[in-house]
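> no FASTA, just this:
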């Protein structure tokens, strides 16, 4: 039986400490490969176009483009990727905006890490 290749992920998160922590935690998991990370939504589309990840893990509240705007820009640039929104707190309206922009899921930062990994894996299959 061959192993499933890891899901290639780009992180879009303006909190440097949280982004670096995610990179470290995902680095301990065989099923996730962080291929890139950026701190703002406007930097996401060119990085996604260059790296062609399976999934983009997108913060919602960022300077410049918010998560919904950045999701739309990423999917315009590279429609074959999936976007999962990851945020500390999000309103029902913001969830609706990010899903309407094309994200496949929206999860909170306090969610169980194994559940986050599973959500990313599910998103990579969409």
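Arrived safely, thanks for sending. Values in this document were obtained by computation on a predicted structure and should not be read as measured data. Residues are numbered from 1 along each chain as shown.

> pretty sure residue 120 contacts residue 55?
Yes: between residue 120 and residue 55 there is a contact under C-beta atoms under 8 Å: 5.2 Å. In this view, the C-beta of every residue, glycine as well, is placed from N, C-alpha and C.

> between those two, what contacts are shared?
Residues touching both residue 120 and residue 55 by C-beta atoms under 8 Å, 6 or more residues apart in numbering: 7, 9, 84.

> which residues of the protein score low on pLDDT?
1-2 (pLDDT under 70).

> again, only using 50
For the chain, the stretches with pLDDT under 50 are 1.

> OK, contacts around residue 76?
residue 45.

> can you rerun that using 10 Å?
Shown in contact with residue 76 (C-beta atoms under 10 Å, 6 or more residues apart in numbering): 45, 49, 101-102.

> can you tell me which two in those are farthest apart?
Put simply, by C-beta to C-beta the two of those set farthest apart are 49 and 101, 17.2 Å from each other.

> related to what we said a few turns ago, format the shared contacts of residue 120 and residue 55 as CSV; extra columns: neighbour count.
Below are the shared contacts of residue 120 and residue 55 laid out as CSV (neighbours: other C-beta atoms under 10 Å):
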residue, neighbour count
7, 23
9, 25
84, 22
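
> return the set of residues that bridge with the most centrally placed residue in the chain.
Nearest to the mean C-alpha position of the chain, by C-alpha atoms, centre = their mean, lies residue 57 at 0.8 Å. Judged by DSSP bridges, the bridge partners of residue 57 are residue 11, residue 84.

> from residue 3, how far out is it?
From residue 57 across to residue 3, the span is 22 Å (C-beta to C-beta, to the nearest Å).

> and residue 67, what does it touch?
Residues near residue 67 by C-beta under 10 Å, 6+ apart: 12, 41, 44, 58-61, 83, 85-87, 90, 94-95, 97-98, 101, 103, 106.
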